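> please work out how this folds:
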Amino acid sequence: MKRLLAVALSLSLVALVSMTAGLRHIPLADYLAALTHYDPTNPAHVTLRTVRLPRLIAGLIAGGALGIAGTVMQAVTRNPLADPGLLGVNAGAAFALLLGTILIGGVGAADVAWLTFPGAALAALAVFTLGGGLGGDAGPVRLTLAGAALNAFLLSLVTAVVLVRQDTLDTMRFWVAGSLSMAAARPLGSMAIAAIAGAAIALLAAPRIEALSLGDALARGLGTRPGAVQAVALIAVTLTTGAAVAVAGPIAFLGLMVPPLARMVAGHDMHRTLIAAALIGAAVLVAADVLGRLILAPGEVRVGVMTALIGGPVFIWVARRLRPGAAT
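Residues are numbered from 1 along each chain as shown. Modelled structure (predicted):
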């Protein structure tokens, strides 16, 4: 419990830095006033309400959601290298965005979420169906292979279409790097509800997911139906990852890096691990966004690039510390 409280405190400090860091110096008194008595003619209020606060909220949503999604994925597939992209969610979102760009034309920042979210959901459903479905045959290997195959197929289609249709290049180039810079234009409320719903489903199913992580045979012996648990886990992963992708685009490494850190903090209790994963994921993503805004100021390094730069060394360090079998 002390470790969880320490992680929560770290997240609070990172969130505070996110609100205060920037090129414009804002007096402390303006922070509370911007929230309680917003004045659209005050530049400080506008900066806080339309730039910094939406970025913070988007970072909390996407980071927490990806932390939970990665933890559920690694437990269900019993693969310490699994992340939400394994289900083809990112590739499905990219393909849906590409189709929308072609069919609709110019896609605004607010439209991205409504295109990527259903694309992510359909891709996850396709992987689960190809992997065996509710029949209980969707074991870790089959899910991994189905996800890798669909991911490669969809990304190859995306690459082929982008090469042919140059008008789609700008949209895909901006989205694929992952960024919180357009957070104010995203439907943050709707995506927060989706992420919270996915997290709630994961927490409710935590004991069965934990049993499934021990192996199908043992899970059946404990009265768990692997196919049903995998379906519930799929719903949780789809809602959380879909919300994250819709808010921030595909964020590299976060869903892969956070679960081992969460297990180091919370042990092997799935409830605590999921809570720790949400807190750590949110803290890491918000911290990466702050670093990306400051490291090349007044320019910006997109948060997807920063998570890859941070995540690579951290994941190697965590992997070297883990005992064999500790990832599951």
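> can I assume residue 237 is in contact with residue 85?
No - between residue 237 and residue 85 there is no contact under C-beta atoms under 8 Å: 10.8 Å. Placement of C-beta: from N, CA and C, glycine included.
> comparing these two, which residue is more hemmed in?
Using other C-beta atoms under 10 Å as the criterion, residue 237 and residue 85 rank with residue 237 on top: 29 against 23.
> name the element the most centrally placed residue in the chain belongs to?
The centre of the chain sits closest to residue 66, judged by C-alpha atoms, centre = their mean, with a distance of 2.7 Å. Using DSSP states H and E, residue 66 falls within helix 53-77.
> then residue 22?
In the assignment (DSSP H and E), residue 22 maps to no helix and no strand.
> neighbours around it, how many?
Neighbourhood size, residue 22 [other C-beta under 10 Å]: 18.
> picking up where we left off before, after the helix holding residue 66, which helix or strand is next?
Downstream of helix 53-77, the first helix or strand assigned by DSSP H and E is helix 89-104.
> tilt between that following helix and helix 53-77?
130 degrees (axes from the mean of the first three to the mean of the last three C-alpha atoms, to 10 degrees).
> by contact count, what packs against helix 89-104?
helix 109-130, helix 140-164, helix 169-176, helix 226-248 (3 or more C-beta pairs under 8 Å, 6 or more residues apart in numbering; DSSP states H and E).
> so for that helix, what gets flagged as buried?
Across helix 89-104, burial judged by 16 or more other C-beta atoms under 10 Å covers 89-101.
> please identify which pair of those residues lies farthest apart.
Based on C-beta to C-beta, the longest span within the buried residues of helix 89-104 runs between 89 and 101 and measures 18.7 Å.
> count of residues packed around residue 196?
Residue 196: 16 surrounding residues under other C-beta under 10 Å.
> likewise for residue 263?
Neighbour count for residue 263, taken as other C-beta under 10 Å: 25.
> can you tell me the SS state at it?
The three-state assignment at residue 263 reads helix, by DSSP: H, G, I helix; E, B strand; the rest coil.
> surely it meets residue 273?
Yes - using C-beta under 8 Å, residue 263 is in contact with residue 273, at 5.7 Å.
> what sits up against stretch 46-63?
When contacts are defined by C-beta atoms under 8 Å, 6 or more residues apart in numbering, stretch 46-63 is touched by residues 15, 18-19, 22, 24, 26, 30-31, 34-35, 38, 40, 180-181, 183-184, 186, 188, 191-192, 195, 243-244, 247-248, 251, 254, 281-286, 289, 303.
> what do you get if the cut-off is 7 Å, keeping everything else the same?
15, 18-19, 22, 24, 26, 30-31, 34, 38, 40, 180, 183-184, 186, 188, 191-192, 195, 243-244, 247-248, 251, 254, 281-282, 284-286, 289 (C-beta atoms under 7 Å, 6 or more residues apart in numbering).
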